[in-house]
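Novice: task: produce atomic coordinates for the following.
(chains A and B)
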Amino acid sequence: MKKKVMAVILSVTMVISLLVGCGGTSGDAQTPQQSGESTGEEPEKEQSQDEGTANATSGEAVRIALLLSGNLGDMSFLDSANKGTTKIVADYGAEVKVIEMGSDATKYETNVLDASDEGYDIIIGSGWQLQEPFQNVAQDYPDIKYIIFDAAVDYTAGDYSNVYSISYKSNEAAYLAGIMAANMSKTGILGFLGGADGAVINDFMIGFIEGAQSVNSDIKVICGYVDDYSDSPKCKEMALAQYNQGADIIFTAAGASGIGTLEAAKETGNYAIGVDSDQAMLYAESDPAQAELIPASVMKNVDATLVRAYAMMQEGTLPWGTEEALGLSDGAVGLSDNKFYQELVPEDVKTQIVEASDSIAKGEISVKSAYGLTTEEVREIINSVAP
Amino acid sequence: MQQLFGIIFTTSFAYSILRVSTPLILAGMAAVVSERAGVANIAIEGMMLISALTGVVISAATQNCFVGVLAGVAGGMVVSLILAYFILQLKANNIMCGLAVNAIAKGGTVFVLYLLTGSKGASTALNSLTVPKVDIPLLKDIPVLGEIFSGQSILTYTAILLVAVMHVFIFRTRTGIRISAVGENEKAVGSVGVSVIKTRYTALIISGFFSGLAGVFLSMSYMSGFTANMTSGRGFIALAANSMGQNTPWGTLLAALVFGAADSAANYLQVLAVPAQFIQMIPYATTILGITLYSVFKVRKEKKIKMKMLGMQQ
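Specialist: Okay, here's the model as predicted:
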């Protein structure tokens, strides 16, 4: 009898801890309300803010739902989106509810539906994971406005006049990183490590290669894919292999795996270029020696683009029903500028980067993009720079 | 082709094989001992993750690398003790329990990481320590060999040493032989008065020890910090190495080295601009090839024995 009671108690504890454990990564959010209630474990989960500030147009605060295909705390993409909506709350007095949908993609569409039924005025969604849910839901709620970033709905598939899509020209920022790397490389060999072989990652790679070639037409770039966004040891191993083959600066676009590249840089005393967020600053306090080997990171400024979209919406100039590809000229992408960039990058290279940035913004240089390229064309580019 | 050889026949490549294989060797030993006791332990992956984080956190808190390693290993052992309680005492299904441990580890480590650092990706904010690498006197002065075998992490040497220890333990000590016997036929062992449960407890705790060491190696030697889900299936590859190595320590070591070599080759061959998908296939193709070859030899050997026995009967 005693044993049985023990067994029940233990299994209950196990189930509970399982749920709590999952909450850590996948943020159970069946419905918006539920996610609001289960905030105990994640203090920053919800940021409803009702300041009673009047909206310029309707006299009532605009209600925004920010649907994240993951959880906050990624120090990158999703945190940046959250920063953007926080700024919208501060500047415009809108009301924002952040819904972390975790990693279970099967829930996404339900979440979008729930948020639509809740009567939010604007629903913002992150990344390609939300493309389909938006496509399936948005048409049924013509009065609600939808914004999707880092992805676009297929406007030919139906009437999406209430959906605005933001995509990022990561290739433009990567181009600048390429210029920097080619200038700073002593061996004439660079490295690129991507998370997976797909257009989102290849866009970084192609921009990087083209930027490097604009400085040195003979530059070699070793390209590799980790094929995993969380296997940092494997990424480190691949980066070490690239450094061993003579590469002296590696640009890594592989999510959390990319930490491996940064560590490999430290181990071999070479440079690495980070991605998505300012990765040097992650180390600035805990490991300055590591930070000093990261001259720059290629950033996607999700926050700036969301604030921009909101401001344009208030002015009535936001092009609903279209996809906008935002690049350097809009401040949507760029190289991180911090004390390490200032210290490590030579003055003339900095000037060169600024000039290139201006030319791209003016449209004098157009950087090739991986979107629309076939696999063969991408392979051809990789082969053309292989050492 | 020449370029290929230029890449493969370098000391840095051979050096990397040992490093890549170390977590597989350690986790492989965890698989050997549990498998021998007749408990398929799929929770190695989860225990590795928990130990990896524990090691990082404790080493950052104490600023003592040795304490960090000990804490990580202890973490693995505690988890395996809990697992053993569920499987052995409460008679829960070991696969289900293993899955539960893996799920808890995957979510729980990120949850704890977030509580401690505010990041759900990596422990970069913690100033954790790494296990030092050591040069082996004399060996390090030998060309080629020295470059390959010297200067590895202490844990790599420990791993190889522990394989020898495990060999002696399993085949030469009373407890070791009992563990194997329990796996072969628990009723027979029970009938001579040996406690099956106690023996399996011992096996699972040893399994936790090795899982812990494997996890600590990942976060405190391979990498100098924890990143979410950094084991990336290594615990399962270790199970494969164990079955390829036929539940023996040396066999598993060999299988782990084969996996490690294939993995390293894949890492180095990216330079050749062969399609990435082809390169990523290498470790798996090697596995299939290895298992096939093994089965072929085994069948032939059995045939030979059968023929001999038939000959004797006539």
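
Novice: and the stretch 201-314 of chain B, which of its residues are near chain A?
Specialist: Proximity of the stretch 201-314 of chain B to chain A, by Cβ under 8 Å from any Cβ of the partner chain, involves residues B:218, B:222-225, B:227-230, B:232, B:263-264, B:267-268, B:270-273, B:275-277, B:280. C-beta here means a position set from N, CA and C on the backbone, and glycine is covered the same way.

Novice: residues near the closest residue to chain B within the stretch 251-387 of chain A, how many?
Specialist: At 3.8 Å from chain B, A:A386 is the closest residue in the stretch 251-387 of chain A, using Cβ to the nearest Cβ. Residues lying near A:A386 (other Cβ atoms under 10 Å in any protein chain shown) number 16.

Novice: ok, B:I8 next?
Specialist: The number of residues near B:I8, taken as other Cβ under 10 Å, comes to 14.

Novice: picking up where we left off before, can you select the buried ones among the residues of the stretch 201-314 of chain B next to chain A for me in PyMOL?
Specialist: Selecting only the buried entries of these in PyMOL, with 16 or more other Cβ atoms under 10 Å in any protein chain shown as the criterion:
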select buried, chain B and resi 218+222+223+224+225+227+228+229+230+232+263+264+267+268+270+271+273+276+280
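
Novice: any regions of chain B where pLDDT drops low?
Specialist: B:1-3, B:273, B:276, B:280, B:313-314 (pLDDT under 70).

Novice: for B:P137, helix, strand, or coil?
Specialist: coil (DSSP: H, G, I helix; E, B strand; the rest coil).

Novice: which ones are touching A:V349?
Specialist: Residues in contact with A:V349 (Cβ atoms under 8 Å, 6 or more residues apart in numbering or on different chains) are A:179-180, A:183-184.

Novice: recalculate using a threshold of 7 Å.
Specialist: By Cβ atoms under 7 Å, 6 or more residues apart in numbering or on different chains, A:V349 lies in contact with A:180, A:183-184.

Novice: name the element residue 207 belongs to?
Specialist: Here I'm looking at chain A. helix A:199-215 (DSSP states H and E).

Novice: if you could check chain B rather than the one you did, that'd help
Specialist: helix B:196-217.

Novice: what sits up against that helix?
Specialist: By Cβ under 7 Å, 6+ apart, the list of residues contacting helix B:196-217 reads B:22-23, B:26-27, B:29-30, B:33-34, B:36-37, B:39, B:41, B:44, B:47-52, B:55, B:69, B:72-73, B:75-77, B:79-81, B:83-84, B:88, B:155, B:175, B:178-179, B:182, B:186, B:189-190.

Novice: select only the buried ones of those residues in ChimeraX?
Specialist: One line in ChimeraX is enough to select the buried members of those, burial here meaning 16+ other Cβ under 10 Å:
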select /B:22,23,26,27,29,30,33,34,36,37,39,41,44,47,48,49,50,51,52,55,69,72,73,75,76,77,79,80,83,84,88,155,178,179,182,186,189
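
Novice: which ones among the contacts of helix B:196-217 are found in strands?
Specialist: In strands, judged by DSSP state E, none of these are found.

Novice: by neighbours, which of the contacts of A:V349 wins?
Specialist: A:M180 (30 neighbours).

Novice: so which helix or strand takes in the residue in the stretch 101-250 of chain B that chain A sits nearest to?
Specialist: Chain A sits closest to B:F111 of the stretch 101-250 of chain B, with a gap of 2.7 Å, by Cβ to the nearest Cβ. In this structure, B:F111 sits in helix B:94-117 according to DSSP H and E.

Novice: now the next helix or strand after that helix: buried residues?
Specialist: The helix or strand immediately downstream of helix B:94-117 is helix B:145-149, counting by DSSP H and E. For helix B:145-149, a neighbour-count test (16+ other Cβ under 10 Å) marks B:146, B:148-149 as buried.

Novice: quick one: end-to-end length of stretch A:340-353, please.
Specialist: 16 Å (Cα to Cα, to the nearest Å).

Novice: state the mean pLDDT of that stretch.
Specialist: For stretch A:340-353, mean pLDDT is 93.

Novice: repeat that for stretch A:184-201.
Specialist: 92.

Novice: now tell me what touches that stretch from outside.
Specialist: Residues contacting stretch A:184-201 (Cβ under 7 Å, 6+ apart): A:181-182, A:205, A:208, A:212, A:216, A:218-227, A:229, A:235, A:238-239, A:242, A:246-255, A:257, A:261, A:271, A:349, A:370-371, A:387, B:276.

Novice: now do stretch B:72-92
Specialist: A:7, A:10, B:39, B:43, B:47, B:50-52, B:54-55, B:94, B:97, B:101, B:197, B:200-201, B:204-205, B:207-209, B:211-213, B:215-216.

Novice: picking up where we left off before, got the phi and psi for the residue of the stretch 251-387 of chain A closest to chain B?
Specialist: Main-chain dihedrals, A:A386, degrees, to the nearest 10: phi -70, psi 140.

Novice: same question, A:S286
Specialist: The phi/psi pair for A:S286 (degrees, to the nearest 10) is phi -80, psi -30.

Novice: return the residues in contact with it.
Specialist: B:124-127.

Novice: just B:A122 next, same as before
Specialist: A:256, A:259, B:225-227.

Novice: of these, which belong to helices?
Specialist: A:I259 (DSSP state H).

Novice: so how many other residues sit close to A:S384?
Specialist: By other Cβ under 10 Å, the residues close to A:S384 number 12.

Novice: measure it to B:V271 for me?
Specialist: 15 Å (Cβ to Cβ, to the nearest Å).

Novice: re earlier: for the buried residues of helix B:145-149, which one is nearest B:G245?
Specialist: B:G245 has its nearest neighbour among the buried residues of helix B:145-149 in B:F149, at 21.4 Å by Cβ to Cβ.

Novice: so the closest one is in contact with B:L139, correct?
Specialist: Yes: the criterion here is Cβ atoms under 7 Å, and B:F149 meets it with B:L139 at 6.0 Å.

Novice: for the contacts of A:V349, which one is nearest A:V333?
Specialist: Using Cβ to Cβ, the contacts of A:V349 come closest to A:V333 at A:M180, 14.5 Å.

Novice: where does the prediction get shaky in chain A?
Specialist: A:1-59.

Novice: verify the stated contact: A:N82 with A:E100.
Specialist: No: here A:N82 does not reach A:E100: they are 9.3 Å apart, not a contact under Cβ under 7 Å.

Novice: looking at these two, which one has more neighbours?
Specialist: A:E100 (27 against 24).

Novice: name the SS class of the closest residue to A:Y160 other than its chain neighbours, please.
Specialist: In space, and not counting its chain neighbours, A:Y160 is closest to A:V153: 5.2 Å by Cβ to Cβ, 6 or more residues apart in numbering or on different chains. Counting by three-state DSSP, the backbone at A:V153 sits in coil.
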